[in-house]
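J.: A predicted structure for the sequence below; I have some questions about it.
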Amino acid sequence: MIEFAEASKLALNLILSLDADILEIVILSLKVSVFALIIACIIGFSLGSLLASNKFYGRGVILIIINSLMALPPVVVGLVVYMALSKSGPLGWLNILYTPSAMIVAQSIIITPIVLALSRQVIEDIHNEYYDYFKSLNLTKFQIVKSLIWDARYSLITVSLAGFGRGIAEVGAVIIVGGNINHFTRVMTTSIALETSMGNLPFALALGIILLLISLSVNALVMALNLTSKKYAFG
Amino acid sequence: MHSDRIKQIFINLELKPDNSFLPLKTENLSYFIDEKEIISDLNINIFSDEITIIMGPNGAGKSIFLKLLNGIIKPTSGNILWNKRKDFSFFSGRQALVFQKPILLRRSVAANLDFIHNLTNIKAKYDQDQLLKIVDLLNKKNQPARLLSFGEQQRLSLIRALLFRPSLVMLDEPTANLDPASTKIIEDIIVSLKEFGIKIIFVTHNILQAKRLADEVIFFDKGKLIEHKNAKEFFTNPSSKQVSKYLNGIL
């Protein structure tokens, strides 16, 4: 208990003194997850709106696969991306294994099914509501998708924040494809794992507190957005 | 608002009457949902360029008929001919359909109007305030459309339809469950549209309203055409049992 109290005190000191190593790790973590999120949103929103606004043979099977991919084990993603990016792998020529780029690829693969599945559901609800009206206006597919994404914007921000939360808290895949290299591919989760195993509890705890604060902020933002959209009946 | 004032707003909106799509003819028009026949072998000729009211008991197929005309759903069999052509887009005007339950975008009142104006590719700005004044919604311009009362939503739906610059306006029970003030605003606009030369097809259950507005009446029952007459004759001299019962509140 004394050790925990001491570690907490040291951790708070590290945070408040804006320790350079901690800052570097936090900034890299945010960069990797934000880039991964941008990729996931571009793919997820566009495919999600197309799936939401089109009925075709085999759609049900695709939805089941996408929903299942939401629970994709990160270590399996890490392993597959590692094999694909290693020298002998099909994408070895990219030469990005053990770089932040590889970590972005892995996180994108983990986040995309979440963003895709949730955005499909959100957009489909609005599409069902608008269906007759849009049909009566004889809109093009592009006009429909554009309008649906715009009108679902509050919910889609919530969806993207859920994806971000999943990405930033992930450890299994990034440690495999990033290698946890100091000052290069070390992010918060991989650092916590490493520093804990080395007994550097204050450092691990400081990162843990920051990770928790980020998670809390994301959730607070989600709640605020939900309340705002309900208040103004946009959502 | 005075009818001349409303018509001036139509002119400012560049609303252009064009009835070249008439006569509207349906040939053996049928529509099935699963095995159930909703519209049955319908043959109608609409020549009137004024207000055609469609009446009939619940489940008669009135709303489905409007959706078929609007192209939201495709007939199971038969044809809809607009001046001998199957494609309404051949004609210069557009069709606008006002639904019984308003479908408004999750945006502000102003943004709902702008959405339609932008679809028309008319570069010139329109006077939004003037348009909102007709339906007494100017003070709600920046409010979310879905927070309006039902009557306000329906009034917004109607002026939004006008921004589509239609030559044919179809309305599916637009005043059902509305208070008298909202009903009057909507009826005034409908009458002004008719006087301006815009064709109106209007579904209603309200017999008094039909008497006030109709130039001709089409009566459906169970998906079949029962009567199609000018309004005066329809109300004074119905030739079918169904219409007599309906007008006497029995059907």
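T.: Thanks, I have the structure now.
J.: for A:Leu12, see how far away A:Val177 is.
T.: The gap separating A:Val177 from A:Leu12 is 32 Å, by C-beta to C-beta, to the nearest Å. For every residue, glycine as well, the C-beta is placed using N, CA and C.
J.: ignore what I typed, I meant A:Leu30.
T.: A:Leu30 sits 21 Å away from A:Leu12, going by C-beta to C-beta.
J.: likewise B:Ile6?
T.: Here B:Ile6 is placed at a distance of 69 Å from A:Leu12 (C-beta to C-beta).
J.: okay, these two: which has more neighbours?
T.: B:Ile6 (18 against 14; other C-beta atoms under 10 Å in any protein chain shown).
J.: all helices of the chain, in order?
T.: All of this refers to chain A. Using DSSP state H, the helices found in chain A span residues A:2-16, A:20-53, A:59-69, A:74-85, A:100-137, A:141-151, A:153-168, A:172-178, A:188-198, A:201-231.
J.: if you could check chain B rather than the one you did, that'd help
T.: Applying DSSP H to chain B gives helices spanning B:3-12, B:62-70, B:109-119, B:128-134, B:150-162, B:180-196, B:207-213, B:231-236, B:241-247.
J.: of all those, which one is nearest chain A?
T.: The stretch from these with the least distance to chain A (C-beta to the nearest C-beta) is helix B:62-70; that distance is 5.2 Å.
J.: what residues does that closest one touch?
T.: If you take C-beta atoms under 8 Å, 6 or more residues apart in numbering or on different chains as the criterion, helix B:62-70 is touched by A:132, A:136, B:24, B:29, B:31, B:38-39, B:42, B:54-56, B:73-75, B:80, B:95, B:97, B:100, B:170, B:172-173, B:201, B:203, B:220.
J.: now a PyMOL select for only the buried ones of those residues.
T.: Filtering these down to the buried ones (16 or more other C-beta atoms under 10 Å in any protein chain shown) takes a single PyMOL command:
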select buried, (chain A and resi 132+136) or (chain B and resi 24+29+31+38+39+42+54+55+56+73+75+80+95+97+100+170+172+173+201+203+220)
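J.: show me the contacts for the residue lying closest to A:Gly178 once chain neighbours are set aside.
T.: Closest residue to A:Gly178 apart from its sequence neighbours, by C-beta to C-beta, 6 or more residues apart in numbering or on different chains: A:Thr185 at 3.6 Å. Counting by C-beta under 8 Å, 6+ apart, A:Thr185 touches A:Leu28, A:Tyr98, A:Thr99, A:Pro100, A:Met103, A:Val174, A:Gly178, A:Gly179.
J.: how about the contacts made by the third one?
T.: I take that to be A:Thr99. By C-beta under 8 Å, 6+ apart, the residues touching A:Thr99 are A:Gly178, A:Phe184, A:Thr185.
J.: which phi and psi does the second one have?
T.: Per-residue torsions, A:Phe184: phi -140, psi -50 (degrees, to the nearest 10).
J.: residues near the closest residue to B:Leu24 other than its chain neighbours, how many?
T.: Closest residue to B:Leu24 apart from its sequence neighbours, by C-beta to C-beta, 6+ apart: B:Ile46 at 4.2 Å. By the measure other C-beta under 10 Å, the count of residues near B:Ile46 is 17.
J.: go on, B:Ala145?
T.: Other residues near B:Ala145 come to 25 when the count uses other C-beta under 10 Å.
J.: using the centroid of chain A, identify the residue furthest from it.
T.: Note on chain A: the largest C-alpha distance from the chain mean falls to A:Ser136, namely 37.4 Å (C-alpha atoms, centre = their mean).
J.: and what of chain B?
T.: B:Glu35 (28.4 Å).
J.: distance of it relative to B:Ile73?
T.: Separation of B:Glu35 from B:Ile73 (C-beta to C-beta) stands at 17 Å.
J.: tell me where the chain is predicted with low confidence.
T.: Reading this off chain A. Within chain A, the segments meeting pLDDT under 70 span A:1-2, A:232-235.
J.: wrong one, chain B
T.: B:1.
J.: tell me which parts of it are close to chain A?
T.: With C-beta under 8 Å from any C-beta of the partner chain as the criterion, chain B comes near chain A at residues B:67, B:70-72, B:89, B:95-97, B:99, B:103, B:105-107, B:115-116, B:119, B:144-147, B:164.
J.: what number of residues lie near B:Ser40?
T.: 17.
J.: tally of neighbours for the closest residue to it other than its chain neighbours?
T.: Using C-beta to C-beta, 6+ apart and skipping the chain neighbours, the partner closest in space to B:Ser40 is B:Gly223 (4.2 Å). Counted with other C-beta under 10 Å, the neighbours of B:Gly223 add up to 23.
J.: tell me the contacts of B:Gly223?
T.: Taking C-beta under 8 Å, 6+ apart, we find B:Gly223 in contact with B:Tyr31, B:Glu37, B:Ile38, B:Ile39, B:Ser40, B:Leu42, B:Ala60, B:Gly61.
J.: try A:Ser215
T.: A:Ser215 is in contact with A:Gly165, A:Ile168, A:Ala169, counting by C-beta under 8 Å, 6+ apart.
J.: in space, what's closest to residue 124 - neighbours in sequence excluded?
T.: Since you didn't name a chain, this refers to chain A. A:Ala52 (3.8 Å).
J.: please go with chain B instead
T.: B:Ala124's closest residue in space is B:Glu14 (C-beta to C-beta, 6+ apart), at 7.5 Å.
J.: thought that neighbour was touching B:Lys123?
T.: No - B:Glu14 is beyond contact range of B:Lys123, at 10.9 Å (criterion: C-beta atoms under 8 Å).
J.: ok, how many other residues are close to residue 122?
T.: This is for chain A. Neighbour tally, A:Val122, other C-beta under 10 Å: 25.
J.: chain B was what I was after
T.: The tally of other residues near B:Ile122 (other C-beta under 10 Å) stands at 13.
J.: same question for B:Leu119.
T.: B:Leu119: 17 surrounding residues under other C-beta under 10 Å.
J.: please report how far it lies from A:Tyr133.
T.: Going from B:Leu119 to A:Tyr133 by C-beta to C-beta gives 12 Å.
J.: how close does the closest residue to A:Glu24 other than its chain neighbours get to B:Asn19?
T.: Using C-beta to C-beta, 6+ apart and skipping the chain neighbours, the partner closest in space to A:Glu24 is A:His183 (6.7 Å). Distance, A:His183 to B:Asn19, by C-beta to C-beta: 76 Å.
J.: neighbour count for those two, which is higher?
T.: Neighbours per residue (other C-beta under 10 Å) separate A:His183 from B:Asn19, with B:Asn19 holding more: 19 against 9.
J.: touching, the more buried one and B:Ile200? I think so.
T.: No - using C-beta under 8 Å, B:Asn19 is not in contact with B:Ile200, being 11.2 Å away.
J.: ok, back up a step: filter the contacts of B:Gly223 down to the ones in strands?
T.: Assigned to strands by DSSP state E, the following of these qualify: B:Tyr31, B:Glu37, B:Ile38, B:Ile39, B:Ser40, B:Leu42.
J.: and those residues as a markdown table, adding distance to A:Gly208?
T.: Formatted as a markdown table, these follow (distance: C-beta to C-beta, whole Å):
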| residue | distance to A:Gly208 |
| --- | --- |
| B:Tyr31 | 63 |
| B:Glu37 | 67 |
| B:Ile38 | 63 |
| B:Ile39 | 66 |
| B:Ser40 | 70 |
| B:Leu42 | 71 |
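J.: I appreciate the help and will end here.
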